[in-house]
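S.K.: Sharing a model that was predicted from the sequence below.
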Amino acid sequence: MKGAVLYAVGQPLQVEELTVQNPRQGEVMVRVAAGGVCHSDLHVMNGDLTAPLPVVLGHEGAGVVEKVGEGVSEFKPGDHVVLLWRASCGECFFCLSGRPALCDLGAGIRWSGHLADGTSRFSRAGQEIRHFAGVSSFAELTVLPREGLVKIDPEIPLAQAAVVGCAVMTGVGAVINTAKVEPGASMVVIGCGGVGLNAIQGGSLAGAEKIIAVDILDNKLAYARQFGATHTINASQVDPIEAIKELTEGRGADYAFEVIGNPKTITQAYRMIRRGGTLVVVGVAPVTAEVSINASSIMLEEKMIRGSLYGSCRPKLDAPRLLNLYKAGKLKLDELISREYPIAQINEAFDALRRGEVARSVIRMTSS
Ligand SMILES: NC(=O)c1ccc[n+]([C@@H]2O[C@H](COP(=O)([O-])OP(=O)(O)OC[C@H]3O[C@@H](n4cnc5c(N)ncnc54)[C@H](O)[C@@H]3O)[C@@H](O)[C@H]2O)c1
Ligand SMILES: [Zn+2]
Ligand SMILES: [Zn+2]
């Protein structure tokens, strides 16, 4: 079967024939229908985010169950599933506290590149190839822990289901679950890519009054309006902090969501919120980056800074809920998918992401 492998930082992905072993106890093999092209994969390709290499990349995806390992009774071949990049065990401190995105199981799989038993199912000519976040959706077949899947309605098109696996759950979740934005609030979203556009539509769902989109590309600001932004600011043309103050009676916004992963824009976002406002950091900054924030303002202005991992989601509740909103015409997924590429053109898909040409693109492995 074909898969896209990153062998070293700074290199393009190699699309090649790989061997995939059968699922072991508690694991599920999935035939991937579509894998979404997220900036987090690009961070790994650039070296801004680390992962054990070589690795089959891709952490956003959906597909059809092919085989189940011993002891798995909740899935059967033919089930349609969304792939989760943080498996959650349901039993650890974090899962029991209602914070499954912080689960020990998912974190262990992410940083080791191995499944729970400490081994990989992927190889090529005897060389081990790692899993990425327990998903590896840039492959025709992949193996996941049973805790890393959610069964979905088979009528949902699988490319639309795929983007729920990261962009939608992360962006909408940051607004609804992490920040709990209330009706009538004002919010800023800095960075209007696949994830930021979902923070914008999360703001519409929450009933925010002002949803101010900030980007440096006009085509992204046009997408932002389509997803519900009430105001747009091109930060390459005007000072975005001043522009936000003007739109919020001089106070600053109630909430700002940084969805780029740049220490400079995280600092800008902090300065865009009002006294007592909340900054939510969604973007993944380079591993060694630090942020500079005026220390006394934290106390004097009672500002809050929150991280949001995977939209603070409870995936088994949130994924079906988001897909129901799509079916009800209240969540834009068709509009999110700007392009579909075959796996042979995966490096072109990443070039388009680098250049900022797309809202989201997906790699199509099957036509369903
Ligand atoms: N917290 C999480 O759980 C989580 C999950 C998925 C992705 N992410 C991260 O979220 C970020 C966004 O991912 P994406 O796939 O939407 O990326 P993307 O490349 O599609 O979007 C980034 C956007 O930021 C804009 N931008 C870049 N520099 C800017 C600046 N200085 N000012 C304003 N806008 C600027 C770009 O034009 C682009 O539209 C990445 O860092 C990604 O790794 C985090
Ligand atoms: Zn992602
Ligand atoms: Zn857990």
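M.R.: Sure thing, it's come through. Ligands and ions are numbered 1, 2, ... in the order given.
S.K.: Can you give me the pLDDT of I298?
M.R.: Predicted confidence (pLDDT) for I298: 89.
S.K.: For V291, see how far away it is.
M.R.: Per C-beta to C-beta, to the nearest Å, I298 is found 12 Å from V291. Any C-beta I mention is one placed from the backbone N, CA and C, and that applies to glycine too.
S.K.: More neighbours: those two, which one.
M.R.: In terms of neighbours (other C-beta atoms under 10 Å), V291 is the more surrounded of I298 and V291; the figures are 16 against 13.
S.K.: pLDDT below threshold where in the stretch 1-150 of the chain?
M.R.: For the stretch 1-150 of the chain, applying pLDDT under 70 flags no range at all.
S.K.: In terms of helix, strand or coil, where does the residue nearest the centre of the chain fall?
M.R.: Among the residues of the chain, C166 comes closest to the average C-alpha position under C-alpha atoms, centre = their mean, at 3.2 Å. Counting by DSSP: H, G, I helix; E, B strand; the rest coil, the backbone at C166 sits in helix.
S.K.: need the contact list for it.
M.R.: Shown in contact with C166 (C-beta atoms under 8 Å, 6 or more residues apart in numbering): 36, 38, 40, 59-60, 85, 194-195, 310.
S.K.: before we move on, what about I211?
M.R.: 187, 189, 200, 203-204, 228-231.
S.K.: repeat that for 6 Å
M.R.: Neighbour list for I211: 187, 200, 203, 228-230 [criterion: C-beta atoms under 6 Å, 6 or more residues apart in numbering].
S.K.: Relative to ligand 1, which residue of the chain is the closest?
M.R.: G193 (1.9 Å; C-beta to the nearest ligand atom).
S.K.: what residues does this protein put near ligand 2?
M.R.: Proximity of the chain to ligand 2 (C-beta under 5 Å from the ion) is limited to residues 38, 40, 166.
S.K.: element containing S361, please.
M.R.: If you go by DSSP states H and E, S361 is part of strand 360-364.
S.K.: Note down every partner strand of that strand and its orientation.
M.R.: Strand 360-364 has its sheet partners listed here by DSSP bridges as strand 27-36 (antiparallel), strand 337-342 (parallel).
S.K.: what are the ranges of the helices in the protein?
M.R.: For the chain, the helices defined by DSSP state H cover 39-46, 93-96, 104-112, 158-163, 169-173, 194-206, 218-226, 240-247, 263-272, 295-300, 315-327, 346-354.
S.K.: buried ones in the second one?
M.R.: Just to be clear, that refers to helix 93-96. 94-95 (16 or more other C-beta atoms under 10 Å).
S.K.: Mind listing residues that contact that helix?
M.R.: 88-89, 102-103.
S.K.: let's see it at 10 Å
M.R.: Residues outside helix 93-96 that contact it (C-beta atoms under 10 Å, 6 or more residues apart in numbering) are 88-90, 99-107, 147, 314.
S.K.: Same check on the third one?
M.R.: For helix 104-112, the surrounding residues in contact (C-beta under 10 Å, 6+ apart) are 50-52, 59, 84-95, 100-101, 103, 114-116, 118-120, 130-135, 144-145, 147-148, 309-310, 315.
S.K.: CA atoms of it as PDB?
M.R.: The C-alpha trace of helix 104-112 is given here as PDB (Å, rounded to 0.1, in the frame of the first residue of the first chain):
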ATOM      1  CA  ASP A 104      -1.600  10.300  28.800                       C
ATOM      2  CA  LEU A 105      -2.300   7.600  26.200                       C
ATOM      3  CA  GLY A 106      -2.600  10.100  23.300                       C
ATOM      4  CA  ALA A 107       0.400  12.100  24.500                       C
ATOM      5  CA  GLY A 108       2.600   8.900  24.700                       C
ATOM      6  CA  ILE A 109       1.600   7.800  21.200                       C
ATOM      7  CA  ARG A 110       2.300  11.300  19.800                       C
ATOM      8  CA  TRP A 111       5.800  11.700  21.200                       C
ATOM      9  CA  SER A 112       6.900   8.100  20.700                       C
END
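S.K.: tell me the contacts of the nearest residue to T232 once chain neighbours are set aside?
M.R.: In space, and not counting its chain neighbours, T232 is closest to L221: 4.0 Å by C-beta to C-beta, 6 or more residues apart in numbering. L221 is in contact with 192, 213-215, 229, 231-235, counting by C-beta under 10 Å, 6+ apart.
S.K.: hmm, back to that, quick check: the closest residue to the residue of the chain closest to ligand 1 other than its chain neighbours vs ligand 3, distance?
M.R.: Nearest residue to G193, sequence neighbours excluded (C-beta to C-beta, 6+ apart): H39, at 6.3 Å. Here H39 is placed at a distance of 26 Å from ligand 3 (C-beta to the ion, to the nearest Å).
S.K.: Run a quick neighbour tally on H39.
M.R.: 24.
S.K.: what's the domain layout of the protein?
M.R.: As given by automatic domain parsing, the domain ranges for the chain are 2-151+333-364, 168-309.
S.K.: Turn those into a markdown table, including distance to R321.
M.R.: Compiled in a markdown table, those are given as follows (distance: least, C-beta to C-beta, whole Å):
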| stretch | distance to R321 |
| --- | --- |
| domain 2-151+333-364 | 11 |
| domain 168-309 | 10 |
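S.K.: Many thanks, we can stop here.
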